[in-house]
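[1] Need the 3D shape of this:
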Amino acid sequence: MVAVSMRIGTRKSTMALAQTEEIARRLRAAALELEVEIVKFETVGDTDQTSKLLKHGGKGGAFVAEIRAAVRSGALHAAMHSLKDMPGNEDTPGLVIGATLARDTPTDALVLRTGVSIEDIRRSRGKGFKVGTNAVRRAAYARRLFPEIEVIHFRGAADTRVRKLDNREMQRLPGGGEVGPADALIMARSGLERVGLANRIAYDFSPREMLPAVGQGIVAVECAAGDWQTRRYLSLIDDPMAHLGCDAEREVLWVLNGHCNSPIAGYSTIDGGQMTLTASVLDEAGGQVIEASRSGPADRPRELGRAVGLELLAKGAAEIIARTRPEP
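    Residues are numbered from 1 along each chain as shown. Now for the predicted structure:
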């Protein structure tokens with residue numbers, strides 16, 4: 001048996017490494033001749049944990065661009081990304097998503113510091129409480145659910161954020177100064193599960209309360225479009241259901257031409273041969289929300305995503321997105 005090597009790039013965070021190790025395990029099990037090497041990257045989003053991601057071009061610039069460049073140059077065969085971190089409003093010439101793993105729980109969760117309960121926050125409508133998040137979508141939904149809550153800028157790897165919450169640490173602000181400490185965090189349930197902190201979840205938000213981000217809970221493996229050997233190996237671990245959801249939800253982003261500061265959400269489910277896709281666009285304050293939901297054949301995900309995106313535009317989504325677009 002002739003050994004075949006595959007180099008997969010990933011971020012250094014605990015969660016990213018756990019996701020990439022799972023990919024490597026599946027690849028080795030599917031193809032015994034495959035030797036998988038994990039190459040760790042410290043992206044600009046990892047080294048700069050103070051600035052807002054907008055400074056680095058959003059999550060794509062902060063967490064994806066450097067690893068993508070290594071794939072394009074041939075230094076890597078593939079790259080692992082959390083699908084929700086991959087920009088969907090721009091073309092990625094020369095790259096394709098070769099595999100998606102089965103979707104983890106896609107919803108968001110609330111993590112509380114000791115002495116705080118969800119009932120306390122609900123009763124007060126959030127008044128007097130600080131909730132930490134870096135996601136504009138989560139911030140907008142939090143303001144809808146708890147109108148008087150104070151949302152504070154809060155960044156870091158999943159385990160780091162929980163540690164800062166427990167230690168009541170202040171969070172440095174991009175322009176200087178500090179904010180905090182946080183009373184609660186809103187985070188992806190799947191991320192907390194990946195780093196062994198699911199026991200810290202005090203409340204799970206339903207998709208009705210807080211629609212997930214496009215691709216949330218899906219691990220994607222990207223490779224060069226013309227690297228057919230790598231694409232063949234990745235196809236062995238691809239989950240077809242997750243890939244259909246990936247295509248539908250990302251089509252919404254493409255149609256909306258959103259940006260990293262746009263509170264856009266999208267989530268699809270499949271029942272038999274039918275897919276249902278719901279997507280929304282919110283203003284940053286959470287005061288205005290536009291939503292669209294449609295069902296269609298699961299094997300035509302991009303058509304469904306396009307229809308939902310166009311419905312959102314017809315309802316005025318472009319105006320909301322324009323208001324949140326950073327000034328040049």
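
[2] Skip the chain neighbours and tell me the closest residue to Glu209.
    Spatial nearest neighbour of Glu209, excluding adjacent residues (Cβ to Cβ, 6 or more residues apart in numbering): Leu145 at 6.3 Å. Bear in mind the C-beta positions are built from the backbone N, C-alpha and C, glycine included.

[3] residue contacts, the closest residue to Ile270 other than its chain neighbours?
    Closest residue in space to Ile270, ignoring its immediate chain neighbours: Ala298 at 4.9 Å, by Cβ to Cβ, 6+ apart. By Cβ atoms under 8 Å, 6 or more residues apart in numbering, the contact set of Ala298 is Leu244, Ile270, Gly272, Gly273, Gln274, Met275.

[4] possible to save the residues you listed as CSV with distance to Trp254 and neighbour count?
    CSV is the format used below for these (distance: Cβ to Cβ, whole Å; neighbours: other Cβ atoms under 10 Å):
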residue, distance to Trp254, neighbour count
Leu244, 16, 20
Ile270, 20, 18
Gly272, 26, 6
Gly273, 24, 9
Gln274, 22, 12
Met275, 17, 24
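
[5] coming back round to it: unless I'm mixing things up, the residue nearest to Glu209 is touching Ser206, no?
    No. Using Cβ atoms under 8 Å as the test, Leu145 is too far from Ser206 to be in contact (11.0 Å).

[6] what about those two, which has more around it?
    Using other Cβ atoms under 10 Å, the more surrounded residue of Leu145 and Ser206 is Leu145, with 18 against 9.

[7] residue contacts, that one?
    Contacts of Leu145 (Cβ under 8 Å, 6+ apart): Gly126, Phe205, Glu209, Met210.

[8] closest to Asn134 among those?
    Met210 (15.1 Å; Cβ to Cβ).

[9] Give me the neighbour count for that closest one.
    22.

[10] Surely it is within a helix?
    No. Using DSSP: H, G, I helix; E, B strand; the rest coil, the assignment for Met210 is coil, not a helix.

[11] For Leu110, see how far away it is.
    10 Å (Cβ to Cβ, to the nearest Å).

[12] Overlap of the contact sets of the two?
    Shared contacts of Met210 and Leu110, counting by Cβ under 8 Å, 6+ apart, come down to Ile186.

[13] And the chain, what are its domain boundaries?
    When the chain is parsed with automatic domain parsing, its domains come out as 1-102+218-238, 108-204, 239-328.

[14] can you redo those domains as CSV with mean pLDDT?
    Below are the domains of the chain laid out as CSV (pLDDT from 0 to 100):
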stretch, mean pLDDT
domain 1-102+218-238, 84
domain 108-204, 94
domain 239-328, 93
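
[15] Is the residue most central in space within the chain in a helix, a strand, or coil?
    For the chain, the residue sitting closest to the mean C-alpha position, by Cα atoms, centre = their mean, is Lys84 at 2.7 Å. Classification of Lys84 using three-state DSSP returns helix.

[16] now Gly217
    coil.

[17] was I right about it contacting Ser190?
    Yes. Contact criterion Cβ under 8 Å: Gly217 and Ser190 qualify, at 4.6 Å.

[18] got any residues that touch both of these two?
    Counting by Cβ under 8 Å, 6+ apart, the shared contacts of Gly217 and Ser190 are Asp104, Thr105, Pro106.

[19] That's all I had, so thanks and see you.
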